[in-house]
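# kindly generate the corresponding structure for this input.
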Amino acid sequence: MALQRDVIAPKDPAVDMSRGLNLPLSPAIRAGEFIFVSGMVAIDPATGKRMCGTVAAETRQIPAAMTQVLESAGSSLAKTVKVNVLIYSMLEYNNMNEVYREFFGDTPLPARSALGCNGLALGARVEIECIAAAPQ
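Below is the predicted model of the structure:
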């Protein structure tokens, strides 16, 4: 039996990186009871263009856009089970964590990896991807 994969798009097309930035990816894929959200950088929802800012500002924008994708699939940040964060400098780790807590709360926090990464796509300071439960 073949695994069915369905593309999930955000409610607001302006934050769809595949469309606005012409990237070869799906915003998210539903596979079974999970949503796999592609790595996202900060996108200005007013223009659909890449938003440049501090680590805190970029970190704040990404989960807001992820929320749109997850809600389109019947899920939410609260149902996130795994998060991967790429950050241009680990010197900014605490700044990212402060904003991250605003969106993911305290308990139960999703499993997470955070890695320093030189040369993120599109000059981003932060890129975040996640996997969330979405029972059908």
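
# ok, now how distant is the nearest residue to V7 once chain neighbours are set aside from L91?
Among residues not flanking V7 along the chain, S26 sits closest, at 4.6 Å (C-beta to C-beta, 6 or more residues apart in numbering). Yep, even glycine has a C-beta here, placed from its N, CA and C like the rest. Separation of S26 from L91 (C-beta to C-beta, to the nearest Å): 33 Å.

# swap in R30?
For R30, the distance to L91 - C-beta to C-beta - is 37 Å.

# just want to know which of these two has more residues nearby.
Neighbours were tallied for R30 and for L91 using other C-beta atoms under 10 Å; the higher tally belongs to R30 (20 against 10).

# in a strand, that's where the more buried one is, yeah?
Yes: R30 forms part of a strand when assessed by DSSP: H, G, I helix; E, B strand; the rest coil.

# what sits against it?
By C-beta atoms under 8 Å, 6 or more residues apart in numbering, R30 lies in contact with 5-6, 8, 36, 73, 134.

# which one is it nearest to, not counting chain neighbours?
Nearest one to R30, counting by C-beta to C-beta, 6+ apart, is D6 at 4.4 Å.

# one step back: pretty sure the residue nearest to V7 sits against G39.
No: using C-beta atoms under 8 Å, S26 is not in contact with G39, being 11.6 Å away.

# quick one: list the elements packing against the longest helix seen in the chain.
Looking across the chain with DSSP state H, the single longest helix is helix 55-72. Other elements packing on helix 55-72 under the criterion 3 or more C-beta pairs under 8 Å, 6 or more residues apart in numbering; DSSP states H and E are strand 28-31, strand 34-40, helix 93-104, strand 126-133.

# tell me the angle that helix makes with strand 126-133.
Relative orientation of helix 55-72 versus strand 126-133 (axes from the mean of the first three to the mean of the last three C-alpha atoms, to 10 degrees): 30 degrees.
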